[in-house]
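A.B. asks: based on what follows, work out the 3D shape:
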Amino acid sequence: FLCSRDSIKLETLEDAVVLEDSDNDELQDKRGCPAYVSPEILRSHARYSGRAADMWSLGVILYTMLVGRYPFNDSEHTSLFLKISRGQFITPDTLSSKAKCLIRSLLRRDPSERLSSEDTLHHPWLRESRDSSPETQTYSPPDQMVPDIDFDM
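C.D. replies: Got it, this is the predicted structure:
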């Protein structure tokens, strides 16, 4: 991803997995950026839901965009993975309650409790910004706004 304050550009799909059976997203590979790894991927030899792991990563991305730092951060991978496994992070008071709710719903340790992509699209934080017209839109600080996404490659 290339990110700026108001846009995201997808650079590459080299680590993407194409599912042969769209009903079965069970994976076992352990590739990816350490900061975005979900707790279930860290379990030794465990199979995991690719979709649920992606939703965790989406939570990390959203947190990072709104807060300006990773929810789990450490220079040592062992310490970083321990923090991710515990799933404890702080949501700053500067975030709106709806933004906090969405982040907490995505960064749940138990993958079965995480929001699905469909549920995420219907979350009030995203709906509010999509449903409001320019005439009725109230001011939101820039770090609380949903950016336009540019998927042109």
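A.B. asks: ok, now how distant is the closest residue to residue 105 other than its chain neighbours from residue 30?
C.D. replies: Nearest non-adjacent residue to residue 105, counting by C-beta to C-beta, 6 or more residues apart in numbering: residue 115, 4.6 Å away. For glycine as for every other residue, the C-beta is placed from the backbone atoms N, C-alpha and C. Separation of residue 115 from residue 30 (C-beta to C-beta, to the nearest Å): 24 Å.
A.B. asks: neighbour-wise, which of these two wins?
C.D. replies: residue 115 (20 against 13; other C-beta atoms under 10 Å).
A.B. asks: how is the more buried one assigned, secondary-structure-wise?
C.D. replies: Put simply, residue 115 is coil when judged by DSSP: H, G, I helix; E, B strand; the rest coil.
A.B. asks: hang on, it packs against residue 103?
C.D. replies: No - between residue 115 and residue 103 there is no contact under C-beta atoms under 8 Å: 10.3 Å.
A.B. asks: please enumerate the helices of this protein.
C.D. replies: Per DSSP state H, the chain carries helices over the ranges 39-42, 50-67, 77-86, 97-106, 117-121, 124-131.
A.B. asks: of all those helices, which lies closest to residue 24?
C.D. replies: With distances scored as C-beta to C-beta, the stretch of those nearest to residue 24 is helix 50-67 (9.5 Å).
A.B. asks: on that earlier part again, dump the helices of the chain into JSON lines; add distance to residue 22, mean pLDDT and mean neighbour count as well.
C.D. replies: Formatted as JSON lines, the helices of the chain follow (distance: least, C-beta to C-beta, whole Å; pLDDT from 0 to 100; neighbours: other C-beta atoms under 10 Å):
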{"stretch": "helix 39-42", "distance to residue 22": "20", "mean pLDDT": "92", "mean neighbour count": "20"}
{"stretch": "helix 50-67", "distance to residue 22": "10", "mean pLDDT": "94", "mean neighbour count": "20"}
{"stretch": "helix 77-86", "distance to residue 22": "28", "mean pLDDT": "95", "mean neighbour count": "15"}
{"stretch": "helix 97-106", "distance to residue 22": "22", "mean pLDDT": "96", "mean neighbour count": "18"}
{"stretch": "helix 117-121", "distance to residue 22": "13", "mean pLDDT": "92", "mean neighbour count": "12"}
{"stretch": "helix 124-131", "distance to residue 22": "24", "mean pLDDT": "75", "mean neighbour count": "14"}
